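Colleague: show me the folded form of this:
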Amino acid sequence: MFSSSSIGIMHNLVGYLLTPVIWILLLLSALAIVEIGMAFSERFKAIPAWVSSGDMIGLERLAMHRIERSDFLARIAPMLGLMGTLIPLGPGLAALGSGELSILTTAMSVAFDTTVLGLLVGIIGFVLGRVRRRWYDEALRCMEAQNACGGIHG
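Modeller: Numbers count the residues shown, from 1 in each chain. I've put the predicted structure just below:
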């Protein structure tokens, strides 16, 4: 079936993934915090400015870009959280078999922490994406209504 050398290579490769997964999760957490601040700025400054400018194409591009970033957070962070859960469980279960409970405890802590962090960032991304969709749809409808009225009365 599988040779012990191929299993060992796979185990080593997966073991090397934990640190990058944790760092990327931390980076996405920081990005989520920045996105929250940007969302407030969008709602109260950027979107009203775009509406008053009448540039629908520019607003659609901005909306697409901002919503894609929110969707990226909503999808990628939970996947990385799951990776951060599964990667330390292998060594943790091996430590349990050896009776080394301190290693198991550390592995379980990392597993739960990465899961929670990935889900938190995913929730933030999901909520921001939904809220942004609504804000930009309302702004575009308002701009379309202004253009329609301008065409009738102009």
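Colleague: low-confidence stretches in this protein?
Modeller: For the chain, applying pLDDT under 70 flags the ranges 1-2, 148-154.
Colleague: list the contacts for the residue nearest in space to the middle of it?
Modeller: Nearest to the mean C-alpha position of the chain, counting by CA atoms, centre = their mean, stands Leu73 at 1.4 Å. For Leu73, the contact set (CB atoms under 8 Å, 6 or more residues apart in numbering) comprises 28, 31-32, 35, 121-122, 124-125, 128. C-beta here means a position set from N, CA and C on the backbone, and glycine is covered the same way.
Colleague: sitting in helices, which of those residues do you find?
Modeller: 28, 31-32, 35, 121-122, 124-125, 128 (DSSP state H).
Colleague: of those - the most surrounded one?
Modeller: Neighbour counts for these (other CB atoms under 10 Å) peak at Val121, which has 27 neighbours.
Colleague: could you dump the contacts of Leu73 to JSON lines with distance to Ala145?
Modeller: Formatted as JSON lines, the contacts of Leu73 follow (distance: CB to CB, whole Å):
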{"residue": "Leu28", "distance to Ala145": "37"}
{"residue": "Leu31", "distance to Ala145": "34"}
{"residue": "Ala32", "distance to Ala145": "33"}
{"residue": "Glu35", "distance to Ala145": "29"}
{"residue": "Val121", "distance to Ala145": "36"}
{"residue": "Gly122", "distance to Ala145": "35"}
{"residue": "Ile124", "distance to Ala145": "32"}
{"residue": "Gly125", "distance to Ala145": "30"}
{"residue": "Leu128", "distance to Ala145": "26"}
